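**Q** pasted the sequence and its predicted model underneath.
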Protein chains: 2
Amino acid sequence: MSQQRTGNPGNTPGTPDFPDIPEATVARLPEYLRALHSLAEAGHDTASSESLAAAAGVNSAKLRKDLSHLGSNGTRGVGYNVERLIGQIEHVLGLTTLRAVALVGVGNLGHALAGYSGFTTRGFHIAALFDADASRVGEKINNLVVRHIDELAAVVDTCQIAIGVIATPAHAAQGVADVLVNSGVTSILNFAPCVLSVPEGVDVRKVDLAVELQILSFHEHRKAALTGAVTL
Amino acid sequence: MSQQRTGNPGNTPGTPDFPDIPEATVARLPEYLRALHSLAEAGHDTASSESLAAAAGVNSAKLRKDLSHLGSNGTRGVGYNVERLIGQIEHVLGLTTLRAVALVGVGNLGHALAGYSGFTTRGFHIAALFDADASRVGEKINNLVVRHIDELAAVVDTCQIAIGVIATPAHAAQGVADVLVNSGVTSILNFAPCVLSVPEGVDVRKVDLAVELQILSFHEHRKAALTGAVTL
DNA sequence: CGCGATTTGTGCACTCGTTCACAAGCGCAT
DNA sequence: ATGCGCTTGTGAACGAGTGCACAAATCGCG
């Protein structure tokens, strides 16, 4: 996974109401949430750490430790109450309110993201689409009209948008990030293959699709070298 | 970043020719590669660890240690030879040969991936598209015709495809993974929000776009709680 | 009511990754 | 040729994350 984090350099304060949760745990909570939803659909109303861990693809000790961070209480001898745990994780992740997201760049990837149902079904609402290309402005995708990027500040402000998604070419990404930040966005998901510089307090996560393939390529390469060596 | 790894449980053998490289380092190499290309385009022929680290968004000590793992030699007092280092990283990542990739699922996301230029420009060649939906078969995307998934095994075999990308709905993903593995694919990039079970020796990386947003949501939530507390 | 089966929560040891700080090496100017 | 400034490579300290193993807690049943 490729990612880039900024802001809050290491020290989660840890107020009583807001226990400090390790970043590694936070990164796994969404996966647990997905697994829980899947178990709930299958009719389970409780789940043991063992079964839940299997559904989430981790080992059970790690899962228990992770859940312990959010003051969770399963019942010993029984397991976790699925519905209750879903609620707890959603609360911690801040998914109790639908979050509005601004998507910038409706090229190949942006277009797909705009239509991706996974966002809407998991706590997010794509509130507005933007592009710098005037010829794309006005286009309608999924009942949302594409606006020119100059309107971004105004829309972000009126819609109370805190999260921005950048799906532009790399050369445009930093400029878009600046506009987003100046408009009040404090979290950015960046699909452009470049490093963004943002002021402290703004979180950036980076997803680079080619990077994932290159990591796989490494393992392919290694496997090939090893089996080759074995054949000798 | 959300990811899922399988196979080679921890122990990279580390043959003399193939030094054992920590997974964390491997995950950063593609980013260094991108930064190097960008520096090369800008006309630099050498780069210090400091400047390269800045371009890649890491600190210089980490970068130096990472590069030291691949027996790299920069020159003290000068820095790294950009072209040479590009070659070295490409070699380690196995990017010296163009790798063929099979893409399964040409829905919203798959469609975008098929057209994503970032793959082709960075060492990969999408060799074939597949879908289970007969009404999509025959459709042409980017000069590639969509084939029915039943043809997958044959095509993977004749084209020597080792990497598969799954961009199907979650419920279809495991089935597709099984077909891929049985056809000889040994690395899978999974965009479906579910855990795949694959035999040992097969590598799986998972990218879940909604998970990234949910992680950002957590930080938003935390920031809101903190500034709220400060205002009190 | 008590006992055994089961499962959580967690202290501890350990591995892995990061960061610091500095010695060794290189080039250039004098 | 020598010394000086710069940069790499790395040993060592540190910190975060993982996994084990077990005590504490809960339920069901006799």
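**A** Nice, I can see it.
**Q** please make it C-alpha for all contacts and neighbour counts, starting now.
**A** Noted.
**Q** where do the helices sit along chain A?
**A** According to DSSP state H, chain A carries its helices in the segments A:23-41, A:49-56, A:60-69, A:82-93, A:108-115, A:117-120, A:152-159, A:170-183, A:209-231.
**Q** turn the ones you listed into a markdown table, including mean pLDDT and distance to residue B:217.
**A** Shown next, in a markdown table, are these (pLDDT from 0 to 100; distance: least, CA to CA, whole Å):
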| stretch | mean pLDDT | distance to residue B:217 |
| --- | --- | --- |
| helix A:23-41 | 98 | 10 |
| helix A:49-56 | 98 | 20 |
| helix A:60-69 | 98 | 18 |
| helix A:82-93 | 97 | 6 |
| helix A:108-115 | 95 | 17 |
| helix A:117-120 | 92 | 12 |
| helix A:152-159 | 97 | 16 |
| helix A:170-183 | 98 | 16 |
| helix A:209-231 | 89 | 21 |
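**Q** nearest to residue B:196, out of those?
**A** helix A:49-56 (9.7 Å; CA to CA).
**Q** in the closest one, what counts as buried?
**A** Along helix A:49-56, these residues count as buried under the neighbour rule (16 or more other CA atoms under 10 Å in any protein chain shown): A:49-53, A:55-56.
**Q** list the contacts for the closest residue to residue A:21 other than its chain neighbours?
**A** Setting aside the residues directly before and after it, residue A:21 is nearest to residue A:69 in space (CA to CA, 6 or more residues apart in numbering or on different chains), at 6.1 Å. The contact partners of residue A:69, taken as CA atoms under 8 Å, 6 or more residues apart in numbering or on different chains, are A:19-21.
**Q** point out the residues in chain A that sit beside DNA strand D.
**A** Proximity of chain A to DNA strand D, by CA under 7 Å from any atom of the strand, involves residues A:10, A:22-25, A:58-59, A:61-62, A:75-78.
**Q** can you do 6 Å?
**A** A:22-24, A:59, A:61-62, A:75-78 (CA under 6 Å from any atom of the strand).
**Q** pull the most distant pair out of those.
**A** Most distant of those, by CA to CA, are A:23 and A:77, 29.0 Å apart.
**Q** of these two, who's got more company?
**A** Counting neighbours by other CA atoms under 10 Å in any protein chain shown for residue A:23 and for residue A:77 shows that residue A:23 has the greater number, 11 against 7.
**Q** okay, that one and residue B:63: tell me how far apart.
**A** Taking CA to CA, to the nearest Å as the criterion, residue A:23 is separated from residue B:63 by 22 Å.
**Q** stretch A:79-94 and DNA strand C, any residue contact?
**A** Yes: looking at stretch A:79-94 against DNA strand C by CA under 6 Å from any atom of the strand, the contacts come from A:79-80.
**Q** next, the buried residues of that stretch.
**A** Judged by neighbour count (16+ other CA under 10 Å), stretch A:79-94 contains these buried residues: A:79-82, A:85-86, A:88-90, A:92-94.
**Q** in a markdown table: these, plus distance to chain B.
**A** Rendered in a markdown table, the data for the buried residues of stretch A:79-94 read as follows (distance: CA to the nearest CA, whole Å):
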| residue | distance to chain B |
| --- | --- |
| A:79 | 21 |
| A:80 | 20 |
| A:81 | 21 |
| A:82 | 18 |
| A:85 | 16 |
| A:86 | 14 |
| A:88 | 13 |
| A:89 | 10 |
| A:90 | 9 |
| A:92 | 7 |
| A:93 | 4 |
| A:94 | 5 |
